[in-house]
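**Student:** got a structure for you, letters missing:
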């Protein structure tokens, strides 16, 4: 067994065993990493060409009932600045985004009971009434099957629920009182209802091993999400895990590339977290098979209040000039911004 043979197998048949994936993570050197990235790039070019899809991110609320040990929005963080956007705030963001060419809007927030089904249905229907061709992605955490179904029937197209870790002990070590099984049951429900369901994991969680990362890779291969959000673990300064180092760009990029080979058609974001740990992080993610970026459309008055982790990159993209700058940066990296909904190709009707 050698690393290059495993990479070639991933490229040719989009599969590898647990043993092979672990060997790859344990033994990959710099030259082999470059080879892996080149194969991931070839795969994204085969299915999506050099297109990069933009999603306009709207951070709905900084309230959260959960108490995750690394997240700045955790309910026990007394220093957190809390806010909620109302329907008028959201529509203003959407109108601005549509003018800038964004055809997908991501409504993301903490798990905030204020956003009942009734309120969310009103928001979704208002967006769809004004922009019927645009896609809506929700990322609002764990909800009931009935709630997910209600929001889907109101017009939501996609739902992103990162599983964070597919290792039970590791997952529960950073999510106190949150059963591992509930997160995975939610993902199953989302897919069953008909969402373009997204999962994803963090790289560099305290005490995470390569065996844990292999569990994540095997899970996403089996679950086959429409989108997979992978980013480095970054703790917030006002949380119990504040002393831990963030995950590495190199290992995150390796995982991105492997996921691109395991799931050739997946939509794979180059996340804000990558830009937060390295100024070249987004480009590194794109070159490793990433094909989605999510510029922030939230009101400037609340952006710093949505503080998930330390040193979050605050990208000013509130006007057309910055949209142009995004395109220029993407072009410099060798890619091209595509202005459409950017559906996973298995979901295009």
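**Tutor:** Perfect, I can see it now. In this text, all values refer to a predicted model and were calculated from it rather than measured experimentally.
**Student:** which strand runs longest in the chain?
**Tutor:** When the chain is scanned for its longest strand (criterion: DSSP state E), the result is strand 196-203.
**Student:** buried residues in it?
**Tutor:** Buried residues in strand 196-203, counting neighbours by 16 or more other C-beta atoms under 10 Å, are found at 196, 197, 198, 199, 200, 201, 202, 203. The way it works is simple: take the backbone N, C-alpha and C, and place the C-beta from them, glycine included.
**Student:** could you give the angle of the helix or strand just after it to strand 196-203?
**Tutor:** Remark: after strand 196-203, the chain's next helix or strand is helix 210-223, criterion DSSP states H and E. Using axes from the mean of the first three to the mean of the last three C-alpha atoms, to 10 degrees, one finds that helix 210-223 and strand 196-203 are set 170 degrees apart in direction.
**Student:** so residue 231 sits against residue 268, correct?
**Tutor:** No. In this structure, residue 231 is not within contact of residue 268 by C-beta atoms under 8 Å, at 11.2 Å.
**Student:** quick one, phi psi at the most centrally placed residue in the chain?
**Tutor:** In the chain, the residue lying closest to the centroid (C-alpha atoms, centre = their mean) is residue 229, at 3.0 Å. Main-chain torsions, residue 229, degrees, to the nearest 10: phi -90, psi 110.
**Student:** isn't it up against residue 273?
**Tutor:** No. Counting by C-beta under 8 Å, residue 273 is not a contact partner of residue 229; they are 9.2 Å apart.
**Student:** could you list the low-pLDDT ranges of the protein?
**Tutor:** The model of the chain has pLDDT under 70 over residues 305-321, 349.
**Student:** the helices in it, which residues?
**Tutor:** Remark: helices assigned in the chain by DSSP state H are 3-13, 18-27, 30-48, 87-99, 117-130, 145-154, 168-174, 180-193, 210-223, 249-262, 272-277, 281-287, 320-332.
**Student:** list of residues touching the longest one?
**Tutor:** The reference is to helix 30-48. Contact partners of helix 30-48, identified using C-beta atoms under 8 Å, 6 or more residues apart in numbering, comprise 3-4, 7-8, 10-11, 24, 28, 250, 253-254, 256-258, 260-261, 264-265, 268, 287-291, 345.
**Student:** and those residues, which are buried?
**Tutor:** Using 16+ other C-beta under 10 Å, the buried ones in these are 3, 7, 10-11, 24, 28, 253-254, 256-258, 260-261, 264-265, 268, 287-291.
**Student:** quick revisit: so which of the buried residues of strand 196-203 comes closest to residue 148?
**Tutor:** Nearest to residue 148 out of the buried residues of strand 196-203 is residue 197 (C-beta to C-beta; 9.7 Å).
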